[in-house]
Every structure is written in structure tokens, then in C-alpha cells.
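1. 3D, please:
(one chain, ligands or ions: 1)
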Amino acid sequence: MSEAATIDALLAWASDELAAAGVASARGDAAHLIGHVLELGRGEVEAKAITAMRVPADRVAEVVTLVDRRARREPLQHILGVAAFRGLTLAVGPGVFVPRPETEIVAQYAIDALRARPTVEPLAVDLGSGSGALALALATEVPNARVVAVEKTPEAVPWTRRNVERLGAGRVSVVVADLADALPELAGSVDVVVSNPPYVPERALPRDPEVRLFDPPEALYSGTDGLDAMRAVAATAHRLLVPGGTLVVEHGEEQGSAVRRILAEAGLRASATHPDLLGRDRATTAAR
Ligand SMILES: C[S@@+](CC[C@H](N)C(=O)[O-])C[C@H]1O[C@@H](n2cnc3c(N)ncnc32)[C@H](O)[C@@H]1O
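-> Next comes the predicted model:
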């Protein structure tokens, strides 16, 4: 595809290219990429596909470049430069984990726990904050809360800062630290700790190239059983939480019972694993 073309021809070509490259959401991604170049929403592209609106050759060339990148399985969010998370539009790119839809439910458990705290200005901590997705969901959806976003990986920290500066409304602070020994000054004073730590076993390579090749290894892998970071999260949560405070963690769907054991061994109580909308065990809560 190298000359001016109608949107529907471009959409058909791009969808075929992405489908041939094994992209599951080929047509939707094609519409997003065309919309990105033409400054149209995905829905508008699909609506205009039934018209014969022509795209000039230079714009077609831009679309071709983006489709080539996506066909090499670069994540759509890296190409667009943004990822949606609950109501937020977060800046993402190389070096930071792309926030996932399943983490939106983890955020909901943390939001509910934070709203239920009987304090005027409850305090939450997000361990391993990455793009700041969880920290910013808490700060924007619980407007009386203060939130600390902890991140250690040097390539991820600029993304945390960038999103917090834009969207944190002055109520989120970023602390560069290892989650294992972060925030000694807050011991016993945190209402909610939330974490989506790395939880993939070191030898289990993710199937999707987008994850295997583009998500930072620090965001994925954690020891032989995948739960080294979870053990550190449990110990830190026990140290930071006020009595009655809540820990919310995301984990792999086979890890619920192992995670509950880790939380109990760290001294947390009443741990419970919650299935997501597809019935998969992806979130566990516990109390201090
Ligand atoms: C799975 S990602 C989650 C990012 C974000 N919270 C989300 O839900 O989209 C895990 C994050 O933890 C960070 N991380 C890994 N080990 C850490 C450690 N020891 N201390 C602090 N952050 C860590 C990684 O750099 C990565 O940003």
C-alpha cells in the first residue's frame, strides 16, 4: 500500500496484515492506528469505512509504518503512547509495564477498602507502581486519600513521575525504592497497601510476543515460583499497615492458595482470593 487510498481500503489492508502477523484484535488495532494518524476515534474510522473518504499518500505511508511496527508485535499502547486504565489515559512506552484490564478489578478492591477507612485523609501505598496506574486510580477515585507510589526500576521511574505529575492532583508522591524495605517512616500508619508485583516464574516464558519482548523483565519475573516479590510485598504490608488496614494484591490465576499461605506466614489475617469476571483467581485481599 503506497498510494492514496480510501479509509475502507486502508482498514481492510491493515486488518489483513495484522491478522497475518497473528494479532488477535487485528481489525480493532488497525482502526486505532489509522485513527491515530488521521486524528479520528476508532469508532469514527469504522464509521467512515463505509464512506469512500480518501487518505492522501503521505498519510497512508504513516499508517503503513505503524502497521509494520504492530505486525512485529510491538504493543498497540507503545505505538499510540498511551494506555487506558479505568478512567485514566496513562503515558506508556519502552521501559514500563503496560497496565492490563484485569488490574482494574484489583484497583476496585483497593478503592473499596480505602473508602471504608474511618479516617479523614486515608493513606495508601502502591508497591511496584510502573505507569502509576493503581496509585492514580486510588488518588482520582478516592479524592480525600493520599497515595505513595513506590517504584525501583530506573527505566520505569520516569513514566511513574510523568503520569503522577499530570494526573496525581498533588496527592500522589513517587518514592524510588525497593519495595522490600521502602518507607520505614510510614511503619504502622498506612490504611491500604496495593500491589501488582512481578509474579511470573523465571523459566515460564509468556506466550504473547508483546509481553515476552516488550514488557520489562523486572515487571514480569520473580524467582523460581514467581512469588519472591510477593513474599517481600507481604512483609512490607505487614510492616506498613495500621491494624485493620488492608492489603490487595494481583497474582497469576494458579497462585491463589500459595499467595494466601505467604500472606498468612507474614502475619496477615483473613486472606481471601476473589475471582475476576471470567472466574479466574487474580486478586487476593488480607487484613493487618
Ligand atoms: C507487573 S508491574 C505492575 C505495574 C503497575 N502497578 C500496574 O499494575 O500496571 C510490576 C512493577 O513492579 C516494579 N518492581 C519490580 N520489583 C520491584 C522492587 N523490588 N521494588 C520496587 N518496584 C519493583 C517493576 O519495575 C514494575 O514496574
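2. list the buried residues of the longest strand along the chain.
-> For the chain, the strand that runs over the most residues, judged by DSSP state E, is strand 241-250. Residues of strand 241-250 classed as buried under the neighbour-count rule (16 or more other CB atoms under 10 Å) are 241, 242, 245, 246, 247, 248, 249, 250. Backbone N, C-alpha and C define where each C-beta goes, glycine included.
3. show me what from the stretch 151-288 of the chain comes close to the ligand.
-> Proximity of the stretch 151-288 of the chain to the ligand (CB under 6 Å from any ligand atom) is limited to residues 151-153, 156, 178-180, 196-198, 218-219, 229.
4. in strands only, show me these.
-> Here DSSP E is the test, and those give residue 151 as lying in strands.
5. residues near residue 25, how many?
-> 13 (other CB atoms under 10 Å).
6. roughly how far does the nearest residue to residue 57 once chain neighbours are set aside sit from the ligand?
-> Nearest residue to residue 57 in three dimensions, chain neighbours excluded: residue 4, at 4.9 Å (CB to CB, 6 or more residues apart in numbering). Taking CB to the nearest ligand atom, to the nearest Å as the measure, residue 4 and the ligand are separated by 40 Å.
7. residue contacts, residue 4?
-> Contacts were defined as CB atoms under 8 Å, 6 or more residues apart in numbering; by that measure residue 4 touches 54, 55, 56, 57, 60.
8. what about residue 265, how many neighbours?
-> A total of 12 residues lie near residue 265 under the criterion other CB under 10 Å.
9. name the nearest residue to it, sequence neighbours excluded.
-> Closest residue to residue 265 apart from its sequence neighbours, by CB to CB, 6+ apart: residue 234 at 7.4 Å.
10. swap in residue 134?
-> Excluding its sequence neighbours, the residue lying closest to residue 134 (CB to CB, 6+ apart) is residue 126, at 4.6 Å.
11. my guess is the one you found meets residue 138, correct?
-> Yes - here residue 126 reaches residue 138: they are 7.2 Å apart, a contact under CB atoms under 8 Å.
12. which residue ranges of the chain form strands?
-> With strands called from DSSP E, the chain shows them at 5-6, 54-55, 82-85, 88-91, 123-127, 146-151, 172-176, 190-195, 241-250, 269-275, 281-287.
13. okay if I get these as JSON lines plus mean pLDDT?
-> Output for these, formatted as JSON lines (pLDDT from 0 to 100):
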{"stretch": "strand 5-6", "mean pLDDT": "90"}
{"stretch": "strand 54-55", "mean pLDDT": "92"}
{"stretch": "strand 82-85", "mean pLDDT": "97"}
{"stretch": "strand 88-91", "mean pLDDT": "98"}
{"stretch": "strand 123-127", "mean pLDDT": "98"}
{"stretch": "strand 146-151", "mean pLDDT": "98"}
{"stretch": "strand 172-176", "mean pLDDT": "98"}
{"stretch": "strand 190-195", "mean pLDDT": "98"}
{"stretch": "strand 241-250", "mean pLDDT": "98"}
{"stretch": "strand 269-275", "mean pLDDT": "96"}
{"stretch": "strand 281-287", "mean pLDDT": "97"}
